[in-house]
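Enquirer: Using only what follows, build the 3D model:
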Amino acid sequence: MLRCNWLRCCWLLSLVASLGAGDEPEFAPTEIQVPNGFVVEVAAAAPLVKHPMMAAFDDRGRLFIAESAGENLKRTDLEEQLPNFIRMIEDTDGDGQFDRSSIFADKMTFPQGALWHSGSLYVASSGGIWRLQDTDDDGVADVREQIVNEFGYTGNAADVHGCFLGPCGRIFWCEGRHGHEFRDDGGHILSQGKAARIFSCKADGSDVQVHCGGGMDNPVEIDFTEEGEMLGTVNILYRQRGDCLVHWVHGGVYPRHDQPQVVAEFKRTGDLLPPVVNLGHVAVSGTTRYRGTQFGPEFVDNFFITEFNTHKVVRAKLSRSGATFAAEVEEFLSCASGDFHPTDVLEDADGSLLVIDTGGWFRIGCPTSQIAKPNILGAIYRIRRREGSTVEDPRGYTIDWTASPSQIGSLLDDERFAVRDRAIRELASRGEPAIESLATLTKATSDRTRRNAVWALSRIDSPSSAVVLRERLADESPGVRQAATVSLGVRGDAIATAELVARLSDVAPGVQRDAATALGKLHAAKVIPAIFSALATDQLDRVREHALIYALIETNAPAETIAGLRSENGTIQRAALLALDQMDDGKLQRSQVTPLLSSADLALQRTAVDVIARHPEWSDEVIAAVRSILTAKKLDQEEATSARNLLLAFTANEQVQAFVGQLLGEKSISKAATLTLLEVVRDASLSTVPESWIVGVARLLDEQDPEIVDIAIAAADALKSTVADNALERIAHDEKRPVDIRVRAVAAKSLGAELKDSVLVLLVGQISRELPITRRLTAARAIGSAKLSVKQLQTLAGALADAGPLELTSLLAAYEGVEDAVVGELLLTSLAKSPGLTNLSPSALDRVVVALPDALSDKASELRSRLGASSEEQIARLAQLEAGMTGGDPLRGKAVFEGQRTSCVTCHTVQGRGGRIGPDLTTTGARRTTRDLLEAIVYPSSSLARGFETFGVLTTDGKVHTGLILSETIDSIRIRTTQQTELTVRRSDIEELQPSTVSVMPAGLDRTMSAEELRDLVAYLETLK
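Expert: The predicted model follows:
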């Protein structure tokens, strides 16, 4: 149970206040809640620190902090100014409060993490990995070496984070989805890619390896279990934002599912791997595994995770689930202040927990507010258990670290985790002379002693250490066996092959998983039969399956792997198929795959479809397979999906195009087959559409089946051909059909088509704010893309006065290039009254008024001056609105949210109900203040949630499309425009793709509501926690 906990140490607070006096902003400690029995202290605040982000201790208890200068800068400015730095603070009297501060390394781009290892500080700072050394011990780094480069970044903090020490002594770091490119001394590219990844290297920066990766936006921090498994935090693992705790496994490929072009950079073993737990839209940051005794045994091995958005630290209690983990998550620390932003959590040697609050400065990509508040200073808080145990000499200052290996070895089971860690490092640094003592320690009665002896041996690269490690593969403790398995896998010990094969049937799934990983790194064909046998078990979870299939891929032995295709076991067949497709020398043949399309094993059949889709040279087999599926008497949903996916993967192939056109013209195929073909036409991305497709779609528009007509209209909308216009016109005039179908038919007509007056009247009647949003937008798009007469433009101008922000931009497109003075006068007069005016961009207005007579220029200029608002005006208006936000009714607010006029529910999901255009708002009240919510409604372009950034697309024909990228492939991107339409653009047609500052959510929605409705809506959003 949480309770309010005022910060202790009144003398410290008065000291902080006095030190903060003057022109500098003052630190104001905030109210923090922690569980009963715990206490919170300020460990460091201004002037010692101002905007700390992430930190790490060294062996002397000095805290190295990656600190921001409090400025939000893009990449070019960061590289020009180098404003950020590494700060070092010390607690010289050991009372738990830091009292000395200095700059260890200045002029950094954007440091996001720190690791002290072997006398050096390793820092991931935007662009690369740095090793900093203080050779004369004066507190300032005098040797600065970038040991790994180059990583892409923009300045939004979603790039490199770290570093972290692995149990085998390798240096790890995380990289966001901004790409990397490594070159050798001669300038030759060694590795490159756009995907997010977890990397590692040796301490000198050599031997850079990729551990895993995927389409996720921003992996942040990692930590390791005692047995060597890596878990970490990551933002936006899923498109509808999922910020997660993930078990990062070797060779693993992780979502996002809408990033196929970067996922394609990796070797796949099947479905993308899932997280341990999805925490929602919380903006996770730092994490640490608790190892001390001060909190009590129930906290040991819990992962603490900071949540930037929700102003919380949560506690994840892990449990093993097969070869991976499950987690039970509960709140540990919370703060009511919207300016409290925890970015890191780490454990001090005494078992207390440090939580770093960076303050209010950060705004680039910040999902809660775009108003930077550098005057809100951060701090470092310490959490202790009030009645917790006291740890004497937690870092072992009184220990003689020059003692013999056997004496140091006795510390491997010390109750102080910092002492155990140092003992491992010390023994490893002794090298060969320590191996005899370590060999003895691997036979100790204590599991922890044996396991830590294994980790020390793993860092000594010698034949004699390997001999001892092999012996531990048969240890009675699963944890020791696992540590030995990991260690031998890292060094690629071929002599241990037989023992590692035996571990594939270990009773512990974690050992099985790591044994498969180790065997894969040996690249030995002789282990393949054993891997097949391991795959045949009924108890095969996804992570263990991945490890086994990835091991097959790494063996790169196609001749031996082909035997799996002949197995009677579907799982083995599927694994062999995937491995042959992905291994470097696989050379998979179409004859080996096509028979599997008719397999009764649906998982195997689906995998065969996926594999074939990656081979454009196999179009003949695709046609034969799809013909068999679509001409069958019965077509179930899974078969239809397989056929659709195959065809979409081959739509660029002329033979497949002809085949689709042929089937579209056949009346004998089933309704399900017809719908599948129409979906292919609708979703294909072709620069030149086959005539047979257009003719087939036009024919199907005259069908009476409403389901066929519905998808045929969508297909016609994608084609935009004059051939279908007559059929669409007939639907538009058919009063027996539903209104929304008629409206969609008009919108699907070719660009610049003329409209009859009766059709225009129909469309104008649909832009009423009381009608469904999708119909309003479709009608507005149909009007905007049509060629209207002067009389029709005059009629339409009167309707613009009532047009809301959602429809206005689309409607205005009808006036581009118009020169008529009467039309222009009516247009400008109506726009001045329109509640949607504030949603217009200056460029959208300029495209309309540029052709109008000069006599209207003053009126146009006055209108333009009303667009947008300065930051000062925004702040003032938000303050004015916030003052009236008390007393709202959440129930009435829910009705506003779900009502036709605002149509919030069309774009946003709440508890699984609603649209998926914008962020999921199920827990928005937990992470956004009243002011944040108002800003998101009134000025949506000032607060772009991470993962929902917009882009401007300039195509080679001169058109500009602004919107949200929904998905990307190697050949195309699919965007949702600010007019709420979806558009596929081939990459070959893109001249320029640049980030935009305009949100897909329209501005001005507040002006479509009364003050009471706005207050009620905010009250409802605040209840969503």
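
Enquirer: so how far is stretch 318-326 off the chain centroid?
Expert: 23 Å (Cα atoms, centre = their mean, to the nearest Å).

Enquirer: buried set for that stretch?
Expert: Neighbour counts using 16 or more other Cβ atoms under 10 Å place 318, 322-325 of stretch 318-326 among the buried residues. Heads up, the C-betas are built off the backbone N, CA and C, glycines and all.

Enquirer: How about stretch 64-80?
Expert: Neighbour count says stretch 64-80 has 64-73, 75, 78 buried, by 16+ other Cβ under 10 Å.

Enquirer: got the buried residues of stretch 318-326 as a markdown table, with secondary structure, distance to residue 495 and pLDDT columns?
Expert: Below are the buried residues of stretch 318-326 laid out as a markdown table (DSSP: H, G, I helix; E, B strand; the rest coil; distance: Cβ to Cβ, whole Å; pLDDT from 0 to 100):
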| residue | secondary structure | distance to residue 495 | pLDDT |
| --- | --- | --- | --- |
| 318 | strand | 34 | 98 |
| 322 | coil | 30 | 96 |
| 323 | coil | 25 | 98 |
| 324 | strand | 29 | 98 |
| 325 | strand | 31 | 98 |
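
Enquirer: picking up where we left off before, quick one: which of the buried residues of stretch 64-80 is nearest to residue 215?
Expert: residue 75 (21.9 Å; Cβ to Cβ).

Enquirer: Please report how far the closest one lies from residue 84.
Expert: 13 Å (Cβ to Cβ, to the nearest Å).

Enquirer: if we can go back for a sec, now flag whichever of the buried residues of stretch 64-80 is closest to residue 486.
Expert: Proximity of the buried residues of stretch 64-80 to residue 486 (Cβ to Cβ) peaks at residue 64, which lies at 28.0 Å.

Enquirer: Now name the helix or strand holding that closest one.
Expert: strand 63-67 (DSSP states H and E).

Enquirer: Rounded mean pLDDT for that strand, please.
Expert: On average, the pLDDT along strand 63-67 is 99.

Enquirer: Moving along the chain from that strand, name the first helix or strand you hit.
Expert: Next along from strand 63-67, by DSSP H and E: helix 75-81.

Enquirer: Check what pLDDT the residue nearest the centre of the chain gets.
Expert: Closest residue to the average C-alpha location of the chain: residue 236 at 2.4 Å, with Cα atoms, centre = their mean. For residue 236, the model assigns a pLDDT of 87.

Enquirer: how much space between it and residue 215?
Expert: 9 Å.

Enquirer: and for those two, which residues touch both?
Expert: residue 256 (Cβ atoms under 8 Å, 6 or more residues apart in numbering).

Enquirer: follow-up on the earlier one: so which elements touch the strand holding residue 64?
Expert: strand 52-57, strand 84-90, strand 120-125 (3 or more Cβ pairs under 8 Å, 6 or more residues apart in numbering; DSSP states H and E).

Enquirer: Now distance to residue 541, mean neighbour count and mean pLDDT too, for those, in CSV please.
Expert: As requested, the helices and strands packed on strand 63-67 are exported to CSV (distance: least, Cβ to Cβ, whole Å; neighbours: other Cβ atoms under 10 Å; pLDDT from 0 to 100):
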stretch, distance to residue 541, mean neighbour count, mean pLDDT
strand 52-57, 33, 25, 98
strand 84-90, 42, 22, 98
strand 120-125, 32, 27, 98
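
Enquirer: Export those strands as TSV, with columns for distance to residue 167.
Expert: Formatted as TSV, the helices and strands packed on strand 63-67 follow (distance: least, Cβ to Cβ, whole Å):
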stretch	distance to residue 167
strand 52-57	17
strand 84-90	25
strand 120-125	16
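
Enquirer: Which strand residues bridge the closest residue to residue 119 other than its chain neighbours?
Expert: Counting by Cβ to Cβ, 6 or more residues apart in numbering, the nearest residue to residue 119 once its immediate chain neighbours are dropped is residue 133, at 6.7 Å. Taking DSSP bridges, one obtains residue 143 as the residues bridged to residue 133.

Enquirer: ranges for the helices of the stretch 301-450 of the chain?
Expert: 405-409, 417-430, 435-441, 447-458 (DSSP state H, counting those that start in this stretch).

Enquirer: and the angle from the second one to strand 52-57?
Expert: Spelled out, that is helix 417-430. Here the directions of helix 417-430 and strand 52-57 differ by 60 degrees (axes from the mean of the first three to the mean of the last three Cα atoms, to 10 degrees).

Enquirer: Mind telling me what element residue 501 is part of?
Expert: With DSSP H and E as criterion, residue 501 is part of helix 497-503.

Enquirer: Now the element after that helix, going C-ward?
Expert: Next along from helix 497-503, by DSSP H and E: helix 509-520.

Enquirer: Now do the buried residues in the next helix or strand after that following helix.
Expert: Per DSSP H and E, the first helix or strand lying C-terminal to helix 509-520 is helix 528-535. Buried residues in helix 528-535, counted by 16+ other Cβ under 10 Å: 528, 530-532, 534-535.

Enquirer: By mean pLDDT, point me to the weakest helix or strand of this protein.
Expert: In the chain, no helix or strand scores lower on mean pLDDT, DSSP states H and E than helix 10-19, which sits at a mean of 41.

Enquirer: wait, what's in contact with residue 450?
Expert: 441-444, 472, 475, 477, 480.
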